[in-house]
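Student: got a predicted structure plus its sequence, pasted below:
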Amino acid sequence: MNVLVRIKRFDPEKDKKPYWADYRVEVDPIDRLLDAMNTIKWTMDGSLTYRRSCAHGVCGSDAMRINGRNRLACKVLMRDVGDKVTIEPMLGFPVIKDLVVDMDPFFEKYKAVKPYLINYDNEPGTERLQSPAERERFDEGTKCILCGACTGSCPSVWGNPDWVGPASIVNAHRFIFDSRDQGAAERLGILGQRDGVWRCRTIFNCADACPRGIPVTDLIEQVKRAIVYNDPGSE
Amino acid sequence: MMAIQKARARAARPLYLRSLIRSDFASRPPPASRIEERGYTVYYKFDVVIVGSGGAGLMAAMQLPNTSVAVLSKVYPTRSHTGAAQGGVAAALGNVEEDHWKWHMYDTVKGGDYLVDQPAAEILTREAIDAVYELEHRGLPFNRTPDGRIDQRRFGGHTRNFGEGPVRRSCYAADRTGHMILQTMYQNAVKNQVRFFNEYLVLDLLINDGQACGVVALEIRTGEIHTFHAKAVLFATGGYGRAWRVTSNAFACTGDGMAIAYRSGIPLEDMEMYQFHPTGIYKVGVLLSEAARGEGGKLLNGKGEYFMERYMPTLKDLAPRDIVSRSMIQEVKEGRGVDGKDYLFLDVRHLGAKTIAEKLPDITDFARNYLGVEPITEPVPIQPTAHYAMGGIPTDNDARVVIDPQWTPLPGFYAAGEVACVSVHGANRLGTNSLVDLIVFGRRAGKHMAKFIAENSHAPLPDEPEAYAREWVDHLYSSVGGESAARVRSTLQNEMDDKVFVERSEQSLRHALDTLDGLQETYKRAQLQDKGKKFNTELVEAIELGFLLDCAEATIHGALARTESRGAHFRLDYQKRDDVNWLKHTLAYKGVKAHDVRLEYKDVILIDDPIFKPKERKY
């Protein structure tokens, strides 16, 4: 099938502002959108710039705005986009070049919620015990690949770049509800602040955008409830 | 909520979030290490420079707290290809049935078709146990048994009591164990405030006075070239699966570390030993984990027969990967592919919707997404896919790089993970042993470097350290009139798929070598359309193509010389294993052109135990 691919382009060394470029590509219906972009880069315009690595939805490199929604280009099939597709960099991130955005602020926010196991006890000689039910309690958050699709789809992030954003809360949730972890209060103290969970307006864009099927908004609500009912530091 | 209440007493007064983020920003480039600026070159000085942010690199970094360490990654660390590993990490914990590290060692040695250095395999399997516990302590969310211990499942080639039958040895976290390992290690790196240089592509290794002293790297975002001065350098750059067209490997797997070492005069070991995983998605190459067969999935031919029992009656579909891939090629050759084509089916229908959803969620998604196939009701089209390099930069058991058959180390230079050849995988790696390799030898590399930097000072940098890298990049910018790198790469990948696949012969390998010779010439004239400096991914791809060509060269030469069949290396013209002449490792040294490679050999290290004596490999 023949598809029109419209891509928002911007080269900081040449362009004053972004512009739209159109490419006509011959694709197979079960090709990924990433395949179509590679065809453009490798046979038509070598300067087209985007990130990609694993090409099957587990590394999180190629999150971008596809027909108005944040998706991984390697998880979108051509048969599902019709004969015209528009691609833009994700909103809410500074653009570096074409579809490449600056992910550094995203990772700094992630680091701010202490996204690692905190446990003050001595380590046992073997594993710490955890029941299957306790393990299941935080399973959803462990799927996160830090692609930024949720954060880049969130109107609260667009309006307030300082907000910690959904991805960070998902990764805080992953540890807050881990039975082995003892840092929940520290994290809830951080997330209970003005730029913590409360800027979430339950718009659900994040859950729609997540390529891993994580119910992001639901997890954020769980953290809110933990702060309201249990949190020691949210006075 | 238990955790929350438990932690209440320990809660520190929370910092204001906004200032927390800002202060992290401010500390991002610590100006102290940036001691000299001239032109567009920035010079950094660290005790340890780790190249690569996958499992091996981060495991090493975790062993070096309060040390001056830089981790260079050409992607963001969480994009590393360790994250794509699915099935599990083997360790003889014995949590669900009796198991011993010596059984694991036996499987590793036999699975590697006896090209494994046996003392290294002992280290691998003994230390796997402790390394898995270390991961759990650092937060890795393993699946659990009903009594709360780490759950374990079956995997190809892993047996009880020296080959009697399958054993549950693979510790796993659903079918995204690699993802969890990578995330857990990155989380710990964040905790330990490891200094990352993200999106830096390493171009050169610096050696002076017979000692490694740093690397030269391209900062992709700015196009600037930087020198990193170090006491110790660890390459943990992964494999080179992108030399093939159908591959499970990420675009980033372009053999950077191997090629850079090779160009520096360091040999590459056993490069002819390249694994083709049996179950890649047809045409796409994306992997459907061996866990599918570990849980009971089976391979089906075009006639609807479960054919593996004909080839390997005991382990059947759980035989090692080289054997399964070869059996698949045989089925296709004898006309039993699906619809007369070159693919077969993976069948998990009989496992039921519940097991599939709980134990194999990711690979079910892949089948639905990329083939539109519903694994619960339909078999999934699959073919062998380029997957893993058993060979690589030769190292000793402390991950120190050794440069000749006499095991002479190059002081200050280390390699771990897929880029390295210890050799624990020999001629064929067992499923789950790649993750074991990362954690065991990544850890050993870190510990040995800690000792090394305490005892040594920085070797002086060579004059004009970045001269080679800059000349190369300038050349790529200024070439005119040639083909695009993308076309050269496409020719290489097709040739490797056709001629250097599961089965090889003198004829196919000579053809590949001639093609490669031509491609190396074409590559010198490859032309870029994008002449910009900032975030030039066309330049990055062209540089990576150069690495791939070098890796392919060493692979083809090793394969051509090895006139026997062993593990993943199967010669149609020499179909038997030949222990008299070939129980030895290939060392390939780079020459000027594709035909000039020099080969040397070193003996496989055996231990004095009759159980590990080479014998015929049956399952």
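Tutor: Ah, there it is.
Student: how is chain A divided into domains?
Tutor: Per the record, chain A has its domains at A:2-101, A:104-230, by automatic domain parsing.
Student: burial measure for residue 94, as a count.
Tutor: This is for chain A. Neighbourhood size, residue A:94 [other Cβ atoms under 10 Å in any protein chain shown]: 11. (Each C-beta comes from the backbone N, C-alpha and C, glycine too.)
Student: please refer instead to chain B.
Tutor: 17.
Student: same check, this time on the one 5 residues further on
Tutor: In terms of burial, residue B:99 registers 23 neighbours under the definition other Cβ under 10 Å.
Student: residue B:92 is in contact with that one, correct?
Tutor: Yes: counting by Cβ atoms under 8 Å, residue B:99 touches residue B:92, with 4.2 Å between them.
Student: can you pull the residues that touch both of those two?
Tutor: Here residue B:99 and residue B:92 have residue B:169 as joint contacts, going by Cβ atoms under 8 Å, 6 or more residues apart in numbering or on different chains.
Student: who are the contact partners of the most centrally placed residue in chain A?
Tutor: What sits nearest the mean C-alpha location of chain A, by Cα atoms, centre = their mean, is residue A:148, with 2.3 Å. Contact partners of residue A:148, counting by Cβ under 8 Å, 6+ apart, are A:60, A:63, A:90, A:93, A:101, A:103, A:106, A:167.
Student: over to it. Which of the three states is it?
Tutor: Assigned with DSSP: H, G, I helix; E, B strand; the rest coil, residue A:148 falls in the coil class.
Student: stretch A:166-178 near chain B at all?
Tutor: Yes: judged by Cβ under 8 Å from any Cβ of the partner chain, stretch A:166-178 comes into contact with chain B at A:175-178.
Student: which among those count as buried?
Tutor: Buried members of the residues of stretch A:166-178 next to chain B, scored by 16 or more other Cβ atoms under 10 Å in any protein chain shown, are A:175-178.
Student: for the residue lying farthest from the centre of chain A, which non-adjacent residue is closest in space?
Tutor: Within chain A, residue A:125 marks the point farthest from the mean C-alpha position, 36.6 Å out by Cα atoms, centre = their mean. Nearest residue to residue A:125, sequence neighbours excluded (Cβ to Cβ, 6 or more residues apart in numbering or on different chains): residue B:133, at 7.8 Å.
Student: do residue B:180 as well
Tutor: Residue B:180 sits nearest to residue B:173 (Cβ to Cβ, 6+ apart), 4.2 Å away.
Student: wait, isn't the one you found in contact with residue B:182?
Tutor: No: counting by Cβ under 8 Å, residue B:173 does not reach residue B:182; the two are 11.2 Å apart.
Student: could you look up the SS state of residue A:140?
Tutor: helix.
Student: so it makes contact with residue A:214?
Tutor: Yes: if you go by Cβ under 8 Å, residue A:140 and residue A:214 touch, sitting 5.1 Å apart.
Student: in which helix or strand does residue B:516 reside?
Tutor: Using DSSP states H and E, residue B:516 sits within helix B:506-524.
Student: run through who's touching that helix.
Tutor: With Cβ under 8 Å, 6+ apart, helix B:506-524 has contacts from B:479, B:482-483, B:485, B:488, B:491-492, B:495-496, B:498-500, B:545-546, B:549, B:552-553, B:556-557, B:559-560, B:571, B:573, B:593-595.
Student: list the buried ones in that helix?
Tutor: Within helix B:506-524, the residues scored as buried using 16+ other Cβ under 10 Å are B:508-509, B:511-513, B:515-516, B:519-520, B:522-523.
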